[in-house]
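# give the three-dimensional model of this entry:
(one chain, ligands or ions: 2)
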Amino acid sequence: MRVLLVGGGAREHAMADAVSRSDRLDRFYGFMSNRNPGIARLTDSFQLGEESDAEGVAGYAAEVGADLALIGPEAPLAEGLGDVLREEGVAVFGPGAEDARIESDKAWAREFMKVNGISNSSGTAYPEFGVFEDAEGAANFMDEFGAPVAVKPAGLTGGKGVKTVGDQLDDLEAAKGYAAEVLEKEVGGKPQVVIEELLVGEEFTIQAFCDGSSVEPGPAVQDHKRAYEGDEGPNTGGMGSYSDADGLLPFLGREVYDEAVDVMEQTVDVLGDYVGVLYGQFMATSRGPVVVEYNCRFGDPEAMNVLPLLETDFLDVVESCVEGSAAETSYSAAASVVKYVVPPGYPTDPRAVELRVDEEAIREEGGRVFYASVNEEDGVLRTTTSRALAVFGSGPTVGEAEEISERCLRHVDGEFHCRHDVGKPSVIERKAGTVESA
Ligand code: AMP
Ligand code: GLY
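Numbers count the residues shown, from 1 in each chain. Ligands and ions are numbered 1, 2, ... in the order given. Take a look at the predicted model:
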């Protein structure tokens, strides 16, 4: 197979790594906006360019004779790159623009769940919500609702646009102010805001391979969205994540996991032709798993937890999805911990710096490194102002995986910020306790 991978982040580096392990691969090409050194090394050739420029990507796909394209990030999916490549005769792993609305249009996604009655065994699997184009309507909804809410721009914000009462917003008055700001500044690119019931519990992610009708779910993962240790500070794209050897999480039993998968099955069933990864982010609440959001792609960092553990040939799985024949997967029974290295000051006041990475030493520790938003020139690695690279450790327990990830970090030199608490046993015990008492 001649495979083209679109995207240049750490999620795509993990995808590239899984592609390159496949027996089915003949030639491997990349299309990315930054020169990711990990992807550059794994591909036979790559082109630098704007990933959402469908004509540019399609031109490159034709030039290299790609049979199959994997689209990593949400922006090109939302803008219809999948549709354009399919029209050009390339098989695509990733939904078209219409299905990608499950992520790119939060208002549409919530209405979709409501209209189709997406539910868990206790009732609705979505929060109470309202969609508004005027600040007064949003404020009236909050007054009537009278309880804490989450305020979300309807469009894409890289995971940074949501604010919740009790965290970034002091009270409903502050929530009204933020809703007005979202509308006025068109945060997320649209003059629309979603106000929803604040969900309480622990969050978890399930990433499933979808073939148009069925879903093949992977291990549950927990991401850490807040910038600072102890889940403090502003939201980020994700600072690190862990998964456990049994595919569940310390606070997540089989029953709730299965219920969440059932919710994803209902969703894919109604969508009818969804091909690619459906990422379900859930809150384990006292009324069962409730969808916090859907994404139309692998998670970043969560892709890095599961793809290194995938034992099935990745291209076989992808091909099954594209051909509409149910994919089968198996993962090694190991826990994983991923920790992001980000520039100092990230995300509010980031400063690009130089990093030195001893990959050989990281491999000797039994870990891995996945590059994100860095550029390599003349052997010098420079961060941008986004997440720079991630280290991955795995082992029989989360604690052992965490120790490996920490040992790997010692081989990354330079001024950087990292959440060392991700996957630490004390933090995980606290999380498990939180939900039991909820
Ligand atoms: P999202 O971009 O939708 O993933 O939202 C970012 C973060 O905001 C999520 O990871 C949650 O921590 C939080 N969040 C979003 N919606 C809700 C909600 N309805 N209730 C509680 N927290 C939420
Ligand atoms: N880890 C959150 C995301 O990929 O959106």
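
# what residue lies at the spatial centre of this structure?
Gly299 (1.8 Å; Cα atoms, centre = their mean).

# surely that one is within a strand?
No: Gly299 is assigned coil when assessed by DSSP: H, G, I helix; E, B strand; the rest coil, not a strand.

# and it, what does it touch?
Arg11, Thr205, Gln207, Val221, Asp223, Gly238, Ser241, Tyr279, Gln281 (Cβ atoms under 8 Å, 6 or more residues apart in numbering). Every C-beta, even on glycine, is put in place using the N, C-alpha and C of the backbone.

# lowest pLDDT pick from those?
On pLDDT alone, Gly238 ranks lowest of those, at 94.

# that residue reaches His224, doesn't it?
Yes: using Cβ atoms under 8 Å, Gly238 is in contact with His224, at 6.8 Å.

# re earlier: just the ones of the contacts of Gly299 in strands?
Thr205, Gln207, Asp223, Ser241, Tyr279, Gln281 (DSSP state E).

# the second one pairs with what?
When bridges are called by DSSP bridges, Gln207 pairs up with Tyr279.

# what is the neighbour count of it?
When neighbours are defined as other Cβ atoms under 10 Å, Gln207 has 26 of them.

# swap in the first one?
Taking other Cβ under 10 Å as the neighbour definition, Thr205 ends up with a count of 27.

# which ones are touching it?
Taking Cβ under 8 Å, 6+ apart as the contact definition, Thr205 lies against Ala220, Val221, Gln222, Asp223, Ser241, Tyr279, Gly280, Gln281, Phe282, Gly299, Glu302.

# that older thread, columns distance to Val84 on top of the contacts of Gly299, output as TSV?
Converted to TSV, the contacts of Gly299 look like this (distance: Cβ to Cβ, whole Å):
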residue	distance to Val84
Arg11	21
Thr205	29
Gln207	25
Val221	31
Asp223	30
Gly238	28
Ser241	32
Tyr279	22
Gln281	28
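
# quick one, strands of the stretch 201-350 of the chain?
For the stretch 201-350 of the chain, strands defined by DSSP state E, counting those that start in this stretch occupy the ranges 202-212, 215-217, 222-223, 226-228, 232-235, 240-243, 274-285, 288-295, 335-341.

# pick out the shakiest of those, pLDDT-wise.
Looking at the strands of the stretch 201-350 of the chain, the bottom one is strand 232-235 with a mean of 88.

# name the helices or strands packed onto that one?
strand 226-228 (3 or more Cβ pairs under 8 Å, 6 or more residues apart in numbering; DSSP states H and E).

# for the residue in the stretch 101-250 of the chain positioned nearest to ligand 2, give me phi and psi.
The stretch 101-250 of the chain approaches ligand 2 most closely through Gly238 (3.5 Å), counting by Cβ to the nearest ligand atom. When quoted as degrees, to the nearest 10, the phi and psi of Gly238 stand at phi 130, psi 130.

# give the contact list for it.
With contacts defined as Cβ under 8 Å, 6+ apart, Gly238 is in contact with Gly159, Asp223, His224, Lys225, Gly299, Asp300, Pro301, Glu302, Tyr340, Arg387.
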